[in-house]
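Participant: Structure, please.
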Amino acid sequence: MTKVRTICAQCGVGCGLVAWRAGEQQLEIEGDSRHPANRGALCLRGWHLADMLEPEARLARPRVGGRAAGWSK
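Facilitator: Modelled structure (predicted):
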């Protein structure tokens, strides 16, 4: 397991993150306690960043009211 120190790009602060794979597929992210911008703390966006990066959790097609919809208005 290799942990990678990086930054969050969800806003302009650039909080420090540590990311790694737990098992074959699951991405884990935590705040970097050594980073001066956040000292290990994460906002809600940073906390859920792994969920946003996993392809299975992302919305691939438009949906309206829980039902499939088209791209046109």
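Participant: Which residues belonging to stretch 37-53 are considered buried?
Facilitator: By 16 or more other Cβ atoms under 10 Å, the buried positions in stretch 37-53 come out as 38, 42, 46, 49-50. (Glycine included, C-beta is placed from N, CA and C.)
Participant: what does stretch 1-15 give?
Facilitator: 8, 10, 15.
Participant: Please, which helix or strand holds residue 45?
Facilitator: Residue 45 is part of helix 44-47, with elements assigned from DSSP states H and E.
Participant: Centre of the chain to the worst-scoring helix or strand of the chain on mean pLDDT, how far?
Facilitator: Every helix and strand of the chain was ranked by mean pLDDT, DSSP states H and E. The lowest is helix 49-53, at a mean of 81. The chain centre lies 3 Å from the centre of helix 49-53; the measure is Cα atoms, centre = their mean, to the nearest Å.
Participant: same thing with stretch 39-47?
Facilitator: Mean C-alpha position of stretch 39-47 versus that of the full chain (Cα atoms, centre = their mean) differs by 10 Å.
Participant: surely residue 14 meets residue 36?
Facilitator: No - if you go by Cβ atoms under 8 Å, residue 14 and residue 36 don't touch, sitting 10.3 Å apart.
Participant: just so I have it, where are all the strands in the chain?
Facilitator: 4-7, 16-22, 26-31, 63-64, 67-68 (DSSP state E).
Participant: Quick one: work out the angle between the longest one and strand 26-31.
Facilitator: Translated: strand 16-22. 160 degrees (axes from the mean of the first three to the mean of the last three Cα atoms, to 10 degrees).
Participant: Provide the contact partners of strand 16-22 at residue level.
Facilitator: Contacts with strand 16-22, where a contact means Cβ atoms under 8 Å, 6 or more residues apart in numbering, come from 1-8, 27-32, 34-38, 40, 42, 46, 49-50.
Participant: And the pLDDT for residue 56?
Facilitator: According to the prediction, residue 56 has pLDDT 70.
Participant: This completes my enquiry, with thanks.
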